[in-house]
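Asker: Show me how the following folds:
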Amino acid sequence: MTHVLEGKKIPNVVFKVRVPSFEATQQGTCAVEIWEDVKSRDLFKRKRAILFALPGAFTPTCSSKQLPGYERMFADFKALGIKEVYCLSVNDSFVMNAWAKEQNLKNVKMIPDGSGAFTKKMKMAVKKDNLGFGVRSWRYAAVVRNSVIEKMFVEPGFGDNFEQDPYGESSPENVLKWLKANP
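Answerer: Okay, here's the model as predicted:
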């Protein structure tokens with residue numbers, strides 16, 4: 001089934017990201033993190049990339065299957081012309097950076113959508129008040145080419161306070177299968 005956003009440009013929003021920097025001190029140079037504004041369209045221009053979004057950092061399915069799966073399969077995606085794989089969640093940069101460190105990521109890049117602005121523009125925001133989460137992203141993945149959404153992989157049951165946590169449609173295995181058939 002074709003998703004309403006397929007064939008459209010990725011929403012243009014600014015993500016507030018904490019990035020490593022170095023500052024000089026009397027004792028030498030020390031690593032610090034500074035705020036950086038990153039535009040969503042800059043992340044996806046002039047390349048083919050995968051974006052996958054999930055309900056929350058450190059949550060069970062996200063931490064045990066989805067994120068590690070994309071990390072583990074990065075070379076497979078790269079062999080098919082994918083330049084970047086991005087993980088997005090409605091969490092702040094501190095949380096996303098801590099999760100990346102805990103997961104020992106080397107390839108997948110984190111996108112903190114702290115205010116949910118991107119998620120809302122993607123029409124993927126859902127209420128998860130039943131779990132005490134508030135507004136979060138529905139689980140999905142997208143293949144994006146030159147800032148245009150080629151294909152969306154949206155989990156079934158989209159809606160507020162959905163009791164289940166479906167996973168399969170947006171899995172790295174499913175996205176890889178589609179990429180092999182759609183080079």
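
Asker: Show me which positions of the one helix or strand residue 67 maps to end up buried.
Answerer: If you go by DSSP states H and E, residue 67 is part of helix 67-72. Neighbour counts over helix 67-72 (16 or more other C-beta atoms under 10 Å) mark 67-71 as buried. Bear in mind the C-beta positions are built from the backbone N, C-alpha and C, glycine included.

Asker: Ok, stretch 51-58 next?
Answerer: So for stretch 51-58, counting by 16+ other C-beta under 10 Å, buried means 51-57.

Asker: quick check, nearest of those to residue 75?
Answerer: Nearest to residue 75 among the buried residues of stretch 51-58: residue 52, at 16.7 Å, using C-beta to C-beta.

Asker: Any figure for the gap between that closest one and residue 21?
Answerer: Residue 52 is 28 Å from residue 21, where distance means C-beta to C-beta, to the nearest Å.

Asker: go on, residue 38?
Answerer: 14 Å.

Asker: Compare those two (neighbour count), which wins?
Answerer: residue 38 (15 against 12; other C-beta atoms under 10 Å).

Asker: Surely the more buried one touches residue 15?
Answerer: Yes - using C-beta atoms under 8 Å, residue 38 is in contact with residue 15, at 4.7 Å.
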